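**Student:** any chance you can model this:
(one chain, ligands or ions: 1)
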Amino acid sequence: MRREPRIVVIGAGVSGIASAITLQRKGFRNVTILEKGADVGGVWHWNRYPGLTCDVPSQLYQFGFAPNPKWSAVFAPGPEIQRYLADVVDRYHLRPLIRLNSEVVDARFAGSEWRVRTGDGAEYAADFVIAATGVLHHPAQPDIPGLDQFEGDIVHTARWDDSVRTAGRRIAVIGTGSTGVQVVSALQPEAERLTHFVRSPQWVIWAPMWLPQPAAVGAVLDRLPDVNKALYRAGMIGAKLFTDIVTRPSWRRRAVQEYARLSLRAQVRDPELRARLTPDYEPLCKRQVLSGSYYRALHARNTELVSEGIEAVTPTGVRTSDGREHAVDLIVFATGFQAHNYMRPMNLIGRDGLSIDEAWAKGPRAYRMTALPGFPNLFTVLGPNSPTGSIPLHHAAEITARYIAAWIARWQTGEFDTVEVTAAATERFEAEVTAALGPTVWNTGCNSWYFTEGGAIDLLPFDRARMESMLAAPDDDDFTLRTSAR
Ligand code: NAP
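**Tutor:** Next up, the predicted model:
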């Protein structure tokens, strides 16, 4: 007898969309997607700061099953990616499955099923829960003394407020990751004055982020879908080279690192400014920043780079450790995310009352990025150790979703009622990851959001082939399958 599993997917971003479409294609009919936001798209819904552009080429930043022939640019702007994701949702008829404005506040395993509750009090019973809650979701904003006394406007890039005026104002941008560099480049031309507070400089590799995709190319790819698919596959081969560069030391890594140093030398001729912009760690150690406009923006007459630490915010500006007060009307926090929260602060309770905070007391961990001991019939997509810095994310999400669907298909035939990864298999996987992280460039002596509070690097040090093989099929020896007495 075949049973119809009730599946709840939490999140309608890239990983939630990939999961829902995969489940749909495998024939599962009872799928509900709970999305906290007012629209689909995940990070591309929440982030709408000026200058938002994806620094991964569009050809690689899309679903393999839904390649878009008509990207406007080689590096697509954020709103276009958001439209693409909404379009995929419509084309695959996901809308009726999605409950927007539905934040999951509580999910608990009740012996044989999950009970999921949203902030508005709605409750869902599920045989499987898929947490597709994203990595870069919870903004991190430092608690600087005096911030509450500031008389101007304050905004975090990840929660941009369109009503905040930027033109003609004195703007402080704090933070110099991928976001800070993009927002500085975008705000500088119209600001009265822009002060960039850079606690630790980052390597910024020069790249032509504005490069358009000619309309004729889009027309050809639209008419010849096979060519478009071949282009996607070619992009995946190119991405393999990048994975190799970040995971294994080689002359290829050194060449890219030399290019990063050259990007700085060639664009910043003033030795004093260059010294202040030179990081004290190897290029590629942090998530690499790409820009063709940041250094130009820094050289503009209305821009100042401030390297001194921020001591306090005053009612009218920002005071640094040298005692200087920088008068500003608007503070933009480009200070990143609490990247290791995953589904938290949701109250997630697994078997025998185990909470996710207890399970992850030493930092987030999961077997092959997706299964958690103590949490039967629950899987994560783009969960702990996902390849955020090395393998195309949409592909990782698709592969993980297929793996989860394979488990659910076995539940459907009545082979088991609950499936739970063993603690031993999870520990073994963790040990393999830790050993493989040794020679990665992320482990060459920098701090970054890749590090958990416990000091582990929350990334996948394997290449795409290894990721695909580890998620190719369920490995029964690593799981406990239980059947309830019926
Ligand atoms: P981030 O890389 O974590 O950078 C945060 C910045 O804020 C760092 O420069 C950090 O300095 C600074 N900062 C934090 N607290 C501070 C404080 N109290 N005082 C002064 N500076 C402080 O965050 P992000 O730039 O938002 O990027 C996060 C990730 O999002 C990226 O790495 C990337 O994966 C993704 N992203 C992607 C794109 C894209 O185009 N695809 C665009 C934007 C973001 P320290 O280094 O000293 O800590």
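
**Student:** wait, doesn't S307 sit right on V198?
**Tutor:** Yes - using C-beta atoms under 8 Å, S307 makes contact with V198 at a distance of 5.8 Å. Glycine gets a C-beta too; all of them are placed from N, C-alpha and C.

**Student:** shared neighbours, these two?
**Tutor:** Counting by C-beta atoms under 8 Å, 6 or more residues apart in numbering, the common neighbours of S307 and V198 are R276.

**Student:** residues contacting stretch 405-418, please?
**Tutor:** With C-beta under 8 Å, 6+ apart as the test, stretch 405-418 has contacts from 1-5, 7, 22-23, 26, 28, 112, 127-128, 376-377, 379, 419, 473-474, 481-484.

**Student:** narrow those to those in strands?
**Tutor:** I7, F128, F379, V419, L481, R482 (DSSP state E).

**Student:** export these as TSV, with columns for distance to the ligand and pLDDT.
**Tutor:** Shown next, in TSV, are the ones in strands among the contacts of stretch 405-418 (distance: C-beta to the nearest ligand atom, whole Å; pLDDT from 0 to 100):
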residue	distance to the ligand	pLDDT
I7	29	98
F128	29	98
F379	23	98
V419	32	98
L481	37	97
R482	38	96
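
**Student:** give me the buried subset of these.
**Tutor:** I7, F128, F379, V419, L481 (16 or more other C-beta atoms under 10 Å).

**Student:** show me what contacts the last one?
**Tutor:** So that's L481. E415, F416, T418, V419.

**Student:** can you pick out the most distant pair from those residues?
**Tutor:** E415 and T418 (11.2 Å; C-beta to C-beta).

**Student:** and S307 and V198? which has more neighbours close in?
**Tutor:** The neighbour comparison of S307 against V198 (other C-beta atoms under 10 Å) goes to V198, with 20 against 17.

**Student:** residues touching the more buried one, list them.
**Tutor:** T176, R276, L277, L305, V306, S307.

**Student:** which of those has the most neighbours?
**Tutor:** In terms of neighbours by other C-beta under 10 Å, the contacts of V198 top out with T176 at 24 neighbours.

**Student:** what's the pLDDT at the residue nearest to that residue when sequence neighbours are not counted?
**Tutor:** If the residues on either side of it in the chain are set aside, T176 comes closest to V198, at 4.6 Å by C-beta to C-beta, 6 or more residues apart in numbering. You'll see V198 listed with a pLDDT of 98.

**Student:** for V198, what are phi and psi?
**Tutor:** Here is the backbone geometry of V198 (degrees, to the nearest 10): phi -120, psi 100.

**Student:** residue of the stretch 151-300 of the chain with the smallest distance to the ligand?
**Tutor:** Using C-beta to the nearest ligand atom, the closest approach of the stretch 151-300 of the chain to the ligand is made by G177 at 2.3 Å.

**Student:** what's the burial count for the closest residue to that residue other than its chain neighbours?
**Tutor:** What sits nearest to G177 in space, not counting adjacent residues and going by C-beta to C-beta, 6+ apart, is G336, at 5.7 Å. Residues lying near G336 (other C-beta under 10 Å) number 22.

**Student:** do the same with the one 4 residues further on
**Tutor:** Counted with other C-beta under 10 Å, the neighbours of H340 add up to 20.

**Student:** do stretch 52-60 and the ligand meet?
**Tutor:** Yes - using C-beta under 6 Å from any ligand atom, we find that stretch 52-60 touches the ligand at T53, C54, D55, V56.

**Student:** test my guess that the first one contacts P77.
**Tutor:** Which is T53. Yes - counting by C-beta under 8 Å, T53 touches P77, with 5.2 Å between them.

**Student:** the ligand: which of the residues of stretch 52-60 next to the ligand is nearest?
**Tutor:** D55 (3.6 Å).

**Student:** ok, the closest one - contacts?
**Tutor:** So D55 contacts F75, S178, A207, M209, V289, L290, S291 (C-beta under 8 Å, 6+ apart).

**Student:** what of D161?
**Tutor:** D161 touches D153, V155, counting by C-beta under 8 Å, 6+ apart.

**Student:** residues of the chain that sit close to the ligand?
**Tutor:** The chain comes close to the ligand at residues 53-56, 136, 142, 174-180, 182, 197, 199-200, 287, 310, 334-337, 449, as judged by C-beta under 6 Å from any ligand atom.

**Student:** tell me how many other residues crowd T118.
**Tutor:** For T118, using other C-beta under 10 Å, the count is 20.

**Student:** isn't it up against S102?
**Tutor:** Yes - contact criterion C-beta under 8 Å: T118 and S102 qualify, at 4.4 Å.

**Student:** neighbours of the closest residue to R99 other than its chain neighbours, how many?
**Tutor:** In space, and not counting its chain neighbours, R99 is closest to L34: 5.4 Å by C-beta to C-beta, 6+ apart. Using other C-beta under 10 Å, the number of residues around L34 comes to 26.

**Student:** then R248?
**Tutor:** R248: 15 surrounding residues under other C-beta under 10 Å.

**Student:** cool, D226 as well?
**Tutor:** The number of residues near D226, taken as other C-beta under 10 Å, comes to 8.

**Student:** part of a helix, is it?
**Tutor:** Yes - applying DSSP: H, G, I helix; E, B strand; the rest coil, one finds D226 inside a helix.

**Student:** state the pLDDT value of it.
**Tutor:** D226 is given a pLDDT of 91.

**Student:** residues contacting the residue of the stretch 201-350 of the chain found nearest the ligand?
**Tutor:** Closest approach between the stretch 201-350 of the chain and the ligand, counting by C-beta to the nearest ligand atom: G336, at 2.6 Å. Going by C-beta under 8 Å, 6+ apart, G336 touches L136, P139, A140, G175, G177, T179, W449.
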